[in-house]
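Student: The following block contains a protein sequence and its predicted model.
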Amino acid sequence: MFTQSPTPSVSPLRVDGLSVQIAGTRILTDISFTVSPGQRVGLIGENGSGKSTVLHAIHGSLPPGATTTGTVDVGRSRVGLLHQQAPFQDEENVHDALETAVAAERQAAIDLEHAADPYDADAYAAALDVAERLDVWETDARISTTLAGLGLAAVPQERRTGELSGGQRARLSLAWLLLNRPDILLLDEPTNHLDDAATQYLASVLNAWKGPVLFASHDRAFLDRAASSLIDLDPAPSQVGVDGGVTRYTGNYTDYLAARQDLRARWERQYRDEQAELKRLRAGVRDNHQVGHVNFKPRTETRMAQKFYGDRNAKVVSRRVNDSRSRLEKLEESQVRKPPEELTFTGLTAAGRKNTDGQTGPVLVASEVAVAGRLAQTSLTVNGDEKLLVTGPNGSGKSTLLEVLAGVLTPSSGTVTVAGVSVGHLTQEVELPDPAGRGPDRTVERVYRDLLGDDLAETVPLSTFGLIHPRDESRPLGELSLGQQRRVALAVLLAAPPDVLLLDEPDNHLSLSLVNALEEAIPAYPGAVVVASHDMWLRQRWSGERLEL
């Protein structure tokens, strides 16, 4: 493991009043936070809340046409971002790609060698200072350690990056960024393709990082292990008419769970109490004619006494009304806004699936199936009500096995027998075909209808599942985050719940709240469920059968 060597003085990362609008849709509104050197901050929130947008705004890589207000201050620090676009070309081999990551170290070593002139001690001292700061003598060791830590040590250095698997490319991109050692490190879902050992290695690297670290992640165990605090982009308690803002939680994910639940309860209680007080004050002001001695009658019959008591009563009424009106105005100006209705997943059977005719015997049988270079010979039997978790290190063939079981990939050897049941498959990567050829502007609702047919889409509307906010159904699919697009794919799958449900890394790209709800729904599913996952949090809490590849 290596430690990062930043520039001599690393600046804090400061975001102040940042708002972002993309394609006419407001993604972020007036968010502010600071990440100091050495802090590791996890970025969380519902799908579509803007986690990736925050990272790209800081990095300066928002899509063309995006508009921003507010400021992002990184000082003179170098900013590095891990995202979908690999920092190397398909034609490059692994060795050459990694060399571009350590180009500064290689150049510093060359400069030091050229400066070895006894007649120019100043030049040598300057070159030596740079070489020492970059620790150029440990460059090769850092490369080896990083590749081993991320499970890439066995990948031939001469292999073209375009020939690597998707998981290998993702890990090579991460290796490149870590070796490049930016002062400010930004990571978008860094553990999606990491096994336990690689995830643990990455956490150890981040814990030793000297500059600010900001990462978006759905990996609960990783958040527990790597985050020193969390920033939640979901709506926070604020005054009526004030949008945006974030909530900062000290500690890791376990600390966050308790703190967020407490914050929500206090927010709801404050809103409820304020609304009751507003109702009372408004009634008092409206019924001011009833304040004081409504049935007052003079104690004497003299006109002077009547005037005395009448004036005194009017003053009392006026003072009380003014006090109530003043309190009402102040509370109306500062009242907390109503807690928003949270998207709530309605379950795997929201479309109305009934129990399978008591079928508990084998429904899916794989006999000695293998796929050359991807899956070693494997056999398994899935019963009608079985819940099976498939685990294994990167490259063991978890996704490949599910593709074989789903019938979308023909094995090199072996057979798969399906006992007259329906099989549904949620792939690891988002797959939403365009059978009607409508193009990139097709709306979410149109995608749903095209893939299901109008009749089923009418019977089971997209709103059934609590996966997509109604306001997003009319948006073009391409404007949605990956997490939101995966929610659409999940809705399409669940509109006609299959007898056998295959879920490939179901936690990928989905929000923490949805992941928790999805996992809680699996045991009660009235059919078979096969889950392939590297997620430690899920695996530690799994109560069904297991298959280790």
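Tutor: Perfect, thanks for sending it.

Student: what ranges do the strands span in the stretch 101-250 of the chain?
Tutor: Secondary structure of the stretch 101-250 of the chain by DSSP state E, counting those that start in this stretch: the strands cover 184-188, 213-216, 229-232, 247-250.

Student: List the residues that contact the nearest residue to Leu510 once chain neighbours are set aside.
Tutor: Leaving aside its sequence neighbours, Leu510 sits nearest to Gly483 (C-beta to C-beta, 6 or more residues apart in numbering; 5.6 Å). For the C-beta atoms, the positions are set from N, CA and C on the backbone; glycine is no exception. Listed by C-beta atoms under 8 Å, 6 or more residues apart in numbering, the contact set of Gly483 reads 47-48, 218, 509-511.

Student: so which of those residues comes closest to Val285?
Tutor: Closest approach between the contacts of Gly483 and Val285, by C-beta to C-beta: Gly48, at 41.4 Å.

Student: The closest one: what secondary structure?
Tutor: At Gly48 the chain is in coil, as set by DSSP: H, G, I helix; E, B strand; the rest coil.

Student: Check the burial of it by counting its neighbours.
Tutor: Neighbours of Gly48 under the rule other C-beta atoms under 10 Å: 26.

Student: Check it and give its pLDDT.
Tutor: pLDDT for Gly48: 82.

Student: Check Gln39 too.
Tutor: Confidence at Gln39, expressed as pLDDT, is 95.

Student: Need the phi and psi values for it.
Tutor: Here is the backbone geometry of Gln39 (degrees, to the nearest 10): phi -90, psi 140.

Student: average pLDDT for stretch 229-239?
Tutor: In this model, stretch 229-239 has a mean pLDDT of 76.

Student: Quick one, which of the strands of the stretch 101-250 of the chain gets closest to Ile522.
Tutor: Closest approach to Ile522 among the strands of the stretch 101-250 of the chain (C-beta to C-beta): strand 213-216, 24.8 Å.

Student: which other helices and strands contact that closest one?
Tutor: In terms of contacts (3 or more C-beta pairs under 8 Å, 6 or more residues apart in numbering; DSSP states H and E), strand 213-216 is packed against strand 40-44, helix 51-59, strand 184-188.

Student: just checking, what packs against the second one?
Tutor: To tie it back to what came earlier, the one meant is helix 51-59. Judged by 3+ C-beta pairs under 8 Å, 6+ apart, the packing partners of helix 51-59 are strand 13-22, strand 25-35, strand 40-44, strand 67-73, strand 79-82, strand 184-188, strand 213-216.

Student: JSON lines for those strands, including distance to Arg325?
Tutor: Listed next are these as JSON lines, based on distance: least, C-beta to C-beta, whole Å:
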{"stretch": "strand 13-22", "distance to Arg325": "34"}
{"stretch": "strand 25-35", "distance to Arg325": "31"}
{"stretch": "strand 40-44", "distance to Arg325": "43"}
{"stretch": "strand 67-73", "distance to Arg325": "37"}
{"stretch": "strand 79-82", "distance to Arg325": "52"}
{"stretch": "strand 184-188", "distance to Arg325": "51"}
{"stretch": "strand 213-216", "distance to Arg325": "47"}
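
Student: Identify whichever of those lies nearest to Gln157.
Tutor: strand 79-82 (21.5 Å).

Student: So which residues make contact with the closest one?
Tutor: Taking C-beta under 8 Å, 6+ apart as the rule, strand 79-82 contacts 55-56, 58-61, 173-174, 177, 180-188, 190.

Student: Show me how far that strand is from its chain's centre.
Tutor: 17 Å (C-alpha atoms, centre = their mean, to the nearest Å).

Student: Using CSV, write down the CA coordinates of stretch 472-487.
Tutor: Taking Å, rounded to 0.1, in the frame of the first residue of the first chain, the C-alpha atoms of stretch 472-487 are listed here in CSV:
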residue,chain,number,x,y,z
ASP,A,472,-39.7,12.2,-14.0
GLU,A,473,-42.1,10.0,-16.1
SER,A,474,-42.3,12.7,-18.8
ARG,A,475,-38.6,13.3,-18.9
PRO,A,476,-36.4,11.9,-21.7
LEU,A,477,-34.7,8.7,-20.6
GLY,A,478,-31.2,10.1,-21.3
GLU,A,479,-31.7,12.9,-18.7
LEU,A,480,-32.1,10.4,-15.9
SER,A,481,-29.2,9.2,-13.8
LEU,A,482,-28.0,5.6,-14.1
GLY,A,483,-29.7,4.8,-10.9
GLN,A,484,-33.0,6.2,-12.1
GLN,A,485,-32.7,4.2,-15.4
ARG,A,486,-32.1,1.0,-13.4
ARG,A,487,-35.2,1.7,-11.5
